[in-house]
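Colleague: I would like the atomic coordinates for the input below:
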Amino acid sequence: MPQLTERLLQGEIAALSQGITLIESTRQSHKELAEKLIEACLPSSGNSFRLGITGVPGVGKSTFIEALGLLAVAKGHKVAVLAVDPSSTQSGGSILGDKTRMAQLSTHPKAYIRPSASGQSLGGVARKTREAIMLCEAAGFDFIIVETVGVGQSETVVHSMVDFFLLLKLSGAGDELQGIKRGIIEMADAIAINKADGDRVQAAQEAKSAFAKALHLYPPKESSWQPKVVTCSALQHTGIEELYSLLSNYREQMEANGFFVEKRKEQNKYWLLQTIDQQLGQQFYDHPKVKKALPKVLEAVSQQELSPFRAANQLLALLH
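Modeller: Sure thing, here's the model as predicted:
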């Protein structure tokens, strides 16, 4: 463990990959080692800009992330991309194909792409993404991009672990009005209308105008930041520089008014409570009495011989 930690802190990619594999493991012996690794890396973490990106499948997330990542590298950053691949609910398998869609960025010496299977976690966010962010920071990566599957509730989880939340949209896909949903729009710090090229430029401008009007209907953010709408084409690399400047301006403003640090503190508290919830749940299911009783109780509930609420109380009573 000391050797792995030392190699990771020196920025060795193989050690970083081994560290993330370790924290993703569900074996008890690995969990204990992972905790030691995270503790050792904690003092060297927190020095990055964390960007969350979401959008429906087909919006061009991978192409966009590669274009933005290459620009960030050119600006002197070390870029880490944590991409969450959806897992099959049938087989549990995952393609993990993000590296093939980011061919240039994946081979760049100052970039690191780590696809992770979402497993059974809420909305498709990898269970250990937050710890993976900390390890990437400890390894010297100062521009972290977290890509979500973009299928619903994952946005809330990612929003709780990043500094800036970017929503990618398409114009002319029938989702201009559909996209104006209170929850996700309130979370977004910016909306980027992607694929604004060729004969879609006019439609992208119209979508930009519609979203900009919608954003003004919402109450101001705690940070006093007014969310922006931009158009871009990841394929033609247009609008990417403008978006990068927007991220830089956001960070300067948030650091100046103290919100950047305050938000990180609140996120740490949130993740403390989340971790307690997760571990209590795991301890409950691992309890010998619960393991023995659960199949019979599930059968009784499915046959409507027992209400789900009474069944839950019976199982919880086994812990006393």
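Colleague: need the longest helix for this protein.
Modeller: In the chain, with assignment by DSSP state H, the single longest helix is helix 259-286.
Colleague: Relative to the whole chain's centre, how far out is it?
Modeller: 15 Å (C-alpha atoms, centre = their mean, to the nearest Å).
Colleague: For it, which helices and strands make contact with it?
Modeller: helix 240-256, helix 288-302 (3 or more C-beta pairs under 8 Å, 6 or more residues apart in numbering; DSSP states H and E). Every residue, glycine included, has its C-beta placed from N, CA and C.
Colleague: Could I get the average pLDDT for stretch 109-118?
Modeller: For stretch 109-118, mean pLDDT is 84.
Colleague: ugh, wrong one, I meant stretch 242-260
Modeller: 95.
Colleague: Tell me, what's the model's pLDDT at residue 124?
Modeller: pLDDT at residue 124 comes out at 36.
Colleague: Likewise for residue 16?
Modeller: 96.
Colleague: isn't it right up against residue 136?
Modeller: Yes: in this structure residue 16 lies within contact range of residue 136 using C-beta atoms under 8 Å: 6.8 Å.
Colleague: More neighbours: those two, which one.
Modeller: Neighbour totals were compared for residue 16 and residue 136, and residue 136 leads with 28 against 24 (other C-beta atoms under 10 Å).
Colleague: which non-adjacent residue is nearest the more buried one?
Modeller: residue 80 (4.0 Å; C-beta to C-beta, 6 or more residues apart in numbering).
Colleague: Which of the helices and strands packed on helix 259-286 has the highest mean neighbour count?
Modeller: Mean neighbour count (mean count of other C-beta atoms under 10 Å) peaks for helix 240-256 among the helices and strands packed on helix 259-286, with a mean of 15.
Colleague: circling back: got the helices and strands packed on helix 259-286 as TSV, with distance to residue 262 columns?
Modeller: Converted to TSV, the helices and strands packed on helix 259-286 look like this (distance: least, C-beta to C-beta, whole Å):
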stretch	distance to residue 262
helix 240-256	9
helix 288-302	40
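Colleague: Out of the ones you listed, which is closest to residue 217?
Modeller: helix 240-256 (21.0 Å; C-beta to C-beta).
Colleague: Quick one: residues in contact with that closest one.
Modeller: Helix 240-256 is touched from outside by 49, 51, 64, 67-68, 71-72, 75, 163-164, 166, 189-190, 192, 223, 225, 228, 230, 232, 234, 260-261, 263, with contacts defined as C-beta atoms under 8 Å, 6 or more residues apart in numbering.
Colleague: Show only the entries of those residues found in helices.
Modeller: Residues of the contacts of helix 240-256 located in helices (DSSP H): 64, 67, 68, 71, 72, 260, 261, 263.
Colleague: Tell me the buried residues in stretch 66-79?
Modeller: For stretch 66-79, the neighbour count (16 or more other C-beta atoms under 10 Å) marks 66, 67, 68, 69, 70, 71, 72, 73, 77, 78, 79 as buried.
Colleague: contacting residues for the last one?
Modeller: To tie it back to what came earlier, the one meant is residue 79. Residue 79 makes contacts with 69, 72, 73, 105, 108, 110, 111, 112, 141, 143, 144, 145, as judged by C-beta under 8 Å, 6+ apart.
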